[in-house]
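> below are the sequence and a predicted model; questions follow.
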Amino acid sequence: MIFIEILTNIWVNDLTGKIALIDRYGAFLGVKEGRFQLKVGGKVVWELAPVELDSIVFLVDGASVSAAAIYLAVTFGIDIVFMIGHRPTARVVQAPYGSTLRNWLFQLNTYRSKSKRAVLAKLFVEGKVHNQRVVLMEFYRLFRASGKRGWRSLLRAIDDIEKIQNKLSKIDSVDGARQVEAEVAKIYWSAVAKIIPEELGFERRITRARRIPGEGVDSFNIALNIGYSALLKEVWRTIFIVGLNPYIGFLHKPRAGKMALAFDLMEEFRPICVDRPLIKLARRNSSIFNKLKENDREAVREVWRAVMSRIHEGKKPISPVILEQARKLVRHFRGTDTYKPYKSRW
């Protein structure tokens, strides 16, 4: 993944994709002679041909983009996403996207069936819980091999999660699947708290939706929020690629403005694409996380790098897997295949 960062102009080479992160107030993205041109304060920061970009991500609301730049991006299939407060808030969608109505109808017909909703909800939770166990198992083995204290508590957590996971086979409702997810989450995050440095102050997962007004948020939770937003961007885009409706979900309740299906599909990828890379980053360099409370741009980019590197780099990048899972969903809705969640190997 290539990140074009307007503050440092650092290029991180990779062959799978290129992302331009625009994170400075006053930045303006325009077009000059068929090339994208970014200016800050009237000075040109970079110029790039359309073929050199895969995505353009705006991280601040004080930046702007010209109609010509939007048209050029749409012409070349370049993703433009606006993320305010580290959350995807909008993206540019091509007009022909409406031609995927047939997929939407199949998806809607599946949603109308209570039993079919429950089946998919269980599958999404099954994949997520399996991958949470995989993450804990990795660190259990590391702790035990090195003689580090805490490996027994990790093993207990792994066993407890497996027992709860076995309940899924007897569940026949969406609420039941959510209950399993919640029970596992409590054990999982308690175990994660014992893996990362204690000075980060992480005790439990604090989601945006369930945060108590005035409650402080530790730096690791902030990093998780940023990481999940980066993952959501990728899943959201993939759902558009395969022609599904991101707002008709199964595990997550559909409501106005909520990308329920995107949240559904990303569940099985959260532990592998976000949790594990950030746990490793915290154990390797915890000082980065402390800077997140100050909204340090470099710290935010480090979190982005950790997550995007896992998604797009390495011998087995996850991005093709996300796309294949979305295609499996399409086949599931059409009745030509049965959806199987992504389960990472040890």
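Yep, that arrived.
> and Y188, what does it touch?
Y188 makes contacts with 132, 136, 157, 161, as judged by CB atoms under 8 Å, 6 or more residues apart in numbering. For every residue, glycine as well, the C-beta is placed using N, CA and C.
> that one: which element?
Per DSSP states H and E, Y188 falls inside helix 174-195.
> now, the contacts of Y188 that are in strands?
Counting by DSSP state E, the contacts of Y188 place none of their members in strands.
> for the nearest residue to K340 once chain neighbours are set aside, give me the pLDDT.
With sequence-adjacent residues excluded and distances taken as CB to CB, 6 or more residues apart in numbering, K340 is closest to K328, at 6.8 Å. In this model, K328 is scored at 97, pLDDT.
> and the gap between K328 and L244?
11 Å (CB to CB, to the nearest Å).
> do V125 as well
For V125, the distance to L244 - CB to CB - is 19 Å.
> now do V45
Distance from V45 to L244, by CB to CB: 36 Å.
> the more surrounded of those two?
For the pair V45 and L244, the greater number of neighbours falls to L244 (23 against 19), based on other CB atoms under 10 Å.
> tell me the SS of that one?
Look at L244: counting by DSSP: H, G, I helix; E, B strand; the rest coil, its state is coil.
> so it touches R331, yeah?
No: counting by CB atoms under 8 Å, R331 is not a contact partner of L244; they are 11.4 Å apart.
> which strand or helix spans L29?
strand 27-32.
> could you export that strand as PDB, CA atoms only?
In PDB, the C-alpha atoms belonging to strand 27-32 read as follows (Å, rounded to 0.1, in the frame of the first residue of the first chain):
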ATOM      1  CA  ALA A  27      -5.600  21.500   1.300                       C
ATOM      2  CA  PHE A  28      -7.200  21.600  -2.200                       C
ATOM      3  CA  LEU A  29      -7.400  18.800  -4.600                       C
ATOM      4  CA  GLY A  30      -7.700  19.800  -8.200                       C
ATOM      5  CA  VAL A  31      -6.700  18.700 -11.700                       C
ATOM      6  CA  LYS A  32      -4.000  20.100 -14.000                       C
END
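> moving C-terminal from it, which element do we reach first?
Immediately after strand 27-32, counting by DSSP H and E, sits strand 35-40.
> what's that following strand in contact with?
Here strand 35-40 makes contact (CB under 8 Å, 6+ apart) with 6, 20, 22, 24, 26-31, 44-50, 53, 56, 69, 72-73.
> which neighbouring elements make contact with the next helix or strand after that strand?
Sequence-wise, the next helix or strand downstream of strand 35-40 (DSSP H and E) is strand 43-48. Other helices and strands packing on strand 43-48, by 3 or more CB pairs under 8 Å, 6 or more residues apart in numbering; DSSP states H and E, are strand 35-40.
> measure how far the strand it packs on is from the centre of its chain, please.
Centre-to-centre, strand 35-40 and its host chain are 28 Å apart (CA atoms, centre = their mean, to the nearest Å).
> then stretch 263-276?
Centroid separation between stretch 263-276 and its chain, computed with CA atoms, centre = their mean, is 6 Å.
> any regions of the stretch 201-346 of the chain where pLDDT drops low?
Residue ranges of the stretch 201-346 of the chain with pLDDT under 70: 214, 346.
> repeat for the stretch 51-200 of the chain
86, 95-100.
> which residues of this structure fall in strands?
Under DSSP E, the chain gives strands at 2-5, 18-22, 27-32, 35-40, 43-48, 55-58, 64-65, 79-84, 87-91.
> could you give the average pLDDT over the fourth one?
So that's strand 35-40. 93.
> what lines up beside it in the sheet?
According to DSSP bridges, strand 35-40 forms sheet pairs with strand 27-32 (antiparallel), strand 43-48 (antiparallel).
> now tabulate these in JSON lines and tack on distance to A185.
Output for the strands paired with strand 35-40, formatted as JSON lines (distance: least, CB to CB, whole Å):
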{"stretch": "strand 27-32", "distance to A185": "38"}
{"stretch": "strand 43-48", "distance to A185": "41"}
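> check these for me and report the most buried one.
Most buried of the strands paired with strand 35-40 by mean neighbour count (mean count of other CB atoms under 10 Å) is strand 27-32; its value is a mean of 18.
> what's the spacing between that one and its chain's center?
Centroid separation for strand 27-32 versus its chain: 28 Å, with CA atoms, centre = their mean.
> also stretch 325-343?
Stretch 325-343 sits 20 Å away from the centroid of its parent chain (CA atoms, centre = their mean).
> try stretch 305-322
Taking CA atoms, centre = their mean, one finds stretch 305-322 lying 11 Å from the centre of the chain it belongs to.
> buried residues of it, list them for me.
For stretch 305-322, the neighbour count (16 or more other CB atoms under 10 Å) marks 305-313, 317-319, 321-322 as buried.
> likewise for stretch 319-334?
319, 321-323, 325-330, 332-333.
> state the distance from the closest residue in space to Y339 that isn't next to it in sequence to H252.
Leaving aside its chain neighbours, Y339 sits nearest to H332 (4.0 Å; criterion: CB to CB, 6+ apart). H332 sits 17 Å away from H252, going by CB to CB.
> I am finished for the moment; much appreciated.
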